[in-house]
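[1] Got a predicted structure plus its sequence, pasted below:
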Amino acid sequence: MRILNLLLTSALLALLGCIPLSAHAAEGAIKVTSIAQVEVEVVGKDGKKTLKRTPPEKAVPGTEVIYTTTFENTINKAAENISINNPIPNDSEYKAGSAFGKNCEILFSADGGKTFGHAEELKIKNADGKERVALPKEYTHIQWNYKTKLAPGKSGEVGFRAAIK
Amino acid sequence: MQFSSLPKSNSSAGLLGVCAWLLLIAPQIGWAAGTTAGTTISSSATLAYRLGVVAQPNITSTATFLVDEKVNLTVAGGVTTSVASGSTAQATAFTVTNNTNSALDFSLAVTSAIAGDNFDPAACSAFVESGATAGYQAAQDIATYIDELPADATRTVYVVCDIPAALVNGNNGLVGLTATAHGNFNAAGYVAAAGALGGVITQTAGADTANVDILFADVAGTEDIARDAKHSARNTYSVALPSLTITKTIASVLDPKGTAVLMPGAVMTYQIAAVLSGGGTITNLVITDPLPANTTYVPGSISVNGAAKTDAADADNAQFAANTVSVSLGNVAAPANVVITFRATIN
């Protein structure tokens, strides 16, 4: 349902004159789709403020962008050991605590993807050689390890937020 | 499909609003001007998996978009410049900062007919500091627009006006400087044009485009409104007559025993400090100081602002004659400081 909603939303946005989501669905046994969106506050007729997601077409420095990757098993066999690796995009800064993914162990890297660990395990060396815990804005990669098999027809969703520097 | 054939619901009306303008209020975090407009930001997710025990080829999906151009600038003023009534070509300094994530050109406009002051500065022009010599130099600072100002860079701009005659001390005249962003449009949005003022920048209207969009993010200035690719500030010309304060002190004493006791034979160093404040110019300023009784001038001991002077009535502007030190300073523009020292021995 979530994917259906997403597709309906993007179709509606396209009809309304917004540019379709810039995404490339990669084909294989698992269909992987990454999208970038921004969240905007919309004031309804009743004066209530709600957050809507739209394509990041007016993305200026400082804007927080939401990156979402969906994956769907399109064959009749369960997929195992699913792991998704996403470098933090160029000219962007990871937003602390924003990584999400149901049924996933979420790990980070602060050394260009060489080693991954939980947030408190990531160390960075200062100029004086002393080690300290890496700050979220220093993360270079995020990895999601799906904890179970992905049954045929099932899908999952992971993502994070990063601000444009 | 035409929009009119879509079901008209509150939610679709709201979404239209989103497309048109609401992205402006997306959370803003500061990185100064930030990533250059036109930069492609690319996020790639790579998925690895197995079918049974067999590892499968990785699948990658990439989301990309272009960084849009946020046109923003700051004109800073708030400076009060002391001037003399009737003086011409009086410069007052502003700064213009490019807060856009792209280099741009900036045109300059001066407003002098402003309510709430005592007079309107006349014949005003704006000139860009060339960087060759600090302060306004009529011969050097001749550019009338800022060419190719990089992101986050600041230039000094001088507004130069004539001050009307017959004003009195304390009269104020406001002058406003408005800078407007200019550029030439290309794939990276508006960029600075070299050697020529770029065209007028227009904000991307209505629906978003996949190309670089243009957003105005400037705040309102004293002479302009918010989100108009302009910013402005005001300076004040304040009429102040020059005033002169002279202070004479004994800067040091050296007695024959090498200590600092005022006794016969001790040499005193006198210091005369002349402080010229306010605005305008004092003409033909001469400072004279007859030596006190029972003292003898130490020949060749006059210095003006640290430069040694001779005692003779010659080309340098100081002399000792008729037991009097005199220094001719000629025409001195305020504000200025002059320090004269000389020595005398107690008889």
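    Here it is on my side, so go on. The shown structure was predicted, so the numbers you read here are calculated from the model rather than taken from an experiment.
[2] Do stretch B:38-45 and chain A come into contact?
    Yes - for stretch B:38-45, a contact with chain A is found by C-beta under 8 Å from any C-beta of the partner chain, at B:39, B:41-45. The C-beta positions use only the backbone N, C-alpha and C, and glycine is treated the same way.
[3] which one of the residues you listed sits closest to residue B:158?
    residue B:39 (34.9 Å; C-beta to C-beta).
[4] Just give the closest residue to the residue of chain B found nearest chain A, not the sequence neighbours.
    Nearest to chain A, among the residues of chain B, is residue B:34, at 2.3 Å (C-beta to the nearest C-beta). For residue B:34, ignoring the flanking residues on the chain, the nearest one in space by C-beta to C-beta, 6 or more residues apart in numbering or on different chains is residue A:61 at 2.3 Å.
[5] thinking that neighbour is in contact with residue A:164, fair?
    Yes - under the criterion of C-beta atoms under 8 Å, residue A:61 makes contact with residue A:164 at 5.2 Å.
[6] who touches both of the two?
    Taking C-beta atoms under 8 Å, 6 or more residues apart in numbering or on different chains as the criterion, residue A:61 and residue A:164 both touch B:34-35, B:67.
[7] tell me which residues in stretch B:181-193 are buried?
    Under the neighbour-count criterion of 16 or more other C-beta atoms under 10 Å in any protein chain shown, stretch B:181-193 has B:181-185, B:188-193 buried.
[8] Now residue 149. Nearest residue, chain neighbours left out?
    Reading this off chain A. Per C-beta to C-beta, 6+ apart, closest to residue A:149 is residue A:78, 4.2 Å.
[9] wrong one, I was asking about chain B
    Among residues not flanking residue B:149 along the chain, residue B:98 sits closest, at 4.4 Å (C-beta to C-beta, 6+ apart).
[10] Which parts of chain B belong to which domain?
    According to automatic domain parsing, chain B comprises the domains B:70-239, B:243-346.
[11] Please see if the longest strand that chain A contains touches chain B.
    Ranked by residue count and defined by DSSP state E, the top strand of chain A is strand A:30-43. Yes - Strand A:30-43 reaches chain B (C-beta under 8 Å from any C-beta) through A:30, A:32-36, A:38-42.
[12] in chain A, which spans are strands?
    When secondary structure is read from DSSP E, chain A shows strands at A:30-43, A:49-54, A:64-73, A:80-87, A:92-94, A:100-101, A:104-109, A:123-125, A:131-133, A:141-146, A:155-164.
[13] how about CSV for those, with mean neighbour count and mean pLDDT added?
    Shown next, in CSV, are these (neighbours: other C-beta atoms under 10 Å in any protein chain shown; pLDDT from 0 to 100):
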stretch, mean neighbour count, mean pLDDT
strand A:30-43, 21, 91
strand A:49-54, 14, 87
strand A:64-73, 22, 96
strand A:80-87, 21, 96
strand A:92-94, 22, 96
strand A:100-101, 17, 96
strand A:104-109, 19, 96
strand A:123-125, 12, 88
strand A:131-133, 10, 91
strand A:141-146, 22, 97
strand A:155-164, 23, 96
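[14] which two in the residues of strand A:30-43 next to chain B are spaced the farthest apart?
    Put simply, by C-beta to C-beta the two of the residues of strand A:30-43 next to chain B set farthest apart are A:30 and A:41, 34.8 Å from each other.
[15] Now for residue B:324, how many residues are close by?
    For residue B:324, the neighbour count with other C-beta atoms under 10 Å in any protein chain shown is 12.
[16] and whichever strand in chain B runs longest, what does it pack onto?
    In chain B, with assignment by DSSP E, the single longest strand is strand B:172-186. Contacts defined by 3 or more C-beta pairs under 8 Å, 6 or more residues apart in numbering or on different chains; DSSP states H and E place strand B:172-186 against strand B:73-76, strand B:90-98, strand B:104-111, strand B:154-162, strand B:189-191, strand B:199-200, strand B:230-239.
[17] Swap in 6 Å and give it another go.
    Counting contacts by 3 or more C-beta pairs under 6 Å, 6 or more residues apart in numbering or on different chains; DSSP states H and E, strand B:172-186 is packed against strand B:73-76, strand B:104-111, strand B:230-239.
[18] State the number of residues packed around the residue in chain A that chain B sits nearest to.
    Closest to chain B within chain A is residue A:61: 2.3 Å, counting by C-beta to the nearest C-beta. Counted by other C-beta under 10 Å, the residues lying close to residue A:61 total 28.
[19] Also residue B:126?
    Per other C-beta under 10 Å, the neighbour tally for residue B:126 reads 24.
[20] what's near enough to touch it?
    Residues near residue B:126 by C-beta atoms under 6 Å, 6 or more residues apart in numbering or on different chains: B:108, B:110, B:157, B:159.
[21] any idea of the pLDDT on the residue of chain A most remote from its centre?
    Distance from the centre of chain A peaks at residue A:128, with 34.1 Å (C-alpha atoms, centre = their mean). pLDDT for residue A:128: 88.
[22] which other residues reach the one helix or strand residue B:274 maps to?
    Using DSSP states H and E, residue B:274 sits within strand B:267-277. Contacts with strand B:267-277, where a contact means C-beta under 6 Å, 6+ apart, come from B:242-254, B:332, B:334-345.
[23] Pairing partners for it, with directions?
    According to DSSP bridges, strand B:267-277 has the following sheet partners: strand B:243-254 (antiparallel), strand B:336-346 (antiparallel).
[24] Let me have the ones you listed in JSON lines, adding mean neighbour count, distance to residue A:152 and mean pLDDT as columns.
    Shown next, in JSON lines, are those (neighbours: other C-beta atoms under 10 Å in any protein chain shown; distance: least, C-beta to C-beta, whole Å; pLDDT from 0 to 100):
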{"stretch": "strand B:243-254", "mean neighbour count": "13", "distance to residue A:152": "93", "mean pLDDT": "89"}
{"stretch": "strand B:336-346", "mean neighbour count": "18", "distance to residue A:152": "88", "mean pLDDT": "93"}
